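Peer 1: sequence and predicted structure below; questions after.
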Amino acid sequence: MTLDEAIASIKTCAGQMDARYGKTVFDEWAVISLVENKARVLAYIGPRNDEFLHSFAKDLGTLRAELFNGSYGIGDFEFARHGIGTGFESFLVLGNGLYLICNNTRETMDAIAKNPKWLGAQVPFAELSDKMRGNPLVVSGDNTKFFKKN
């Protein structure tokens, strides 16, 4: 899958999750590369265009150990129940060294999960996970994209 195809799939997933949940689940979505231990933002949607990468290490919070332990395969994901503010709530492995970071900058994952609509909102996320497992993201070049949620 190309970066453009991944972005389109992520936008679709975000829209479906929000529709099922009844409001925005994650207001921040970022495709990042951690190839060669260097964090690079390949695509970003959210309220923190300028500060996202700057505060990346701090915002990883409890997901840091999970992200860097290497036991996750393409399509695997993890949620952090207690991410607060800009602390990331989730990641999804998109390809080798490529990840989708999801975050709600206003609510914790714990608060999101208390809403009974959360179960249904997870379906598009799981479908995105399966899609990535079958067709991983492959990136070439040094593209960086910033896009707005439709």
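Peer 2: Thanks, I have it.
Peer 1: okay, CA-based contacts and neighbour counts for the rest of this
Peer 2: Noted.
Peer 1: measure the closest residue to residue 34 other than its chain neighbours to residue 123 for me?
Peer 2: Using C-alpha to C-alpha, 6 or more residues apart in numbering and skipping residues adjacent in sequence, the residue nearest residue 34 is residue 97, 5.1 Å away. Applying C-alpha to C-alpha, to the nearest Å, the value for residue 97 to residue 123 is 24 Å.
Peer 1: which one of the two has more residues nearby?
Peer 2: residue 97 (20 against 15; other C-alpha atoms under 10 Å).
Peer 1: touching the helix or strand where residue 124 lies from outside, list them.
Peer 2: Assigned by DSSP states H and E, residue 124 belongs to helix 118-134. Outside helix 118-134, the residues that touch it by C-alpha atoms under 8 Å, 6 or more residues apart in numbering are 9-10, 13-14, 16-21, 74-77, 92-95, 112-113.
Peer 1: assign a three-state SS to the residue nearest the centre of the chain, would you?
Peer 2: Taking C-alpha atoms, centre = their mean, the centroid of the chain lies closest to residue 101, which sits 2.6 Å from it. At residue 101 the chain is in strand, as set by DSSP: H, G, I helix; E, B strand; the rest coil.
Peer 1: these two touch, right, it and residue 88?
Peer 2: Yes. With contacts counted by C-alpha atoms under 8 Å, residue 101 reaches residue 88, the gap being 7.0 Å.
Peer 1: residue 96 - nearest residue in space that isn't next to it in sequence?
Peer 2: residue 74 is the one closest to residue 96 (C-alpha to C-alpha, 6+ apart), at 7.2 Å.
Peer 1: for the one you found, what are its contacts?
Peer 2: Contacts of residue 74 by C-alpha under 8 Å, 6+ apart are 92-96, 132-133, 136.
Peer 1: residues of the top helix by length along the chain that come out buried?
Peer 2: Ordering each helix of the chain by length in residues (DSSP state H) puts helix 3-21 first. Neighbour-count burial for helix 3-21, counted by 16 or more other C-alpha atoms under 10 Å, picks out 3, 6-7, 9-18, 20-21.
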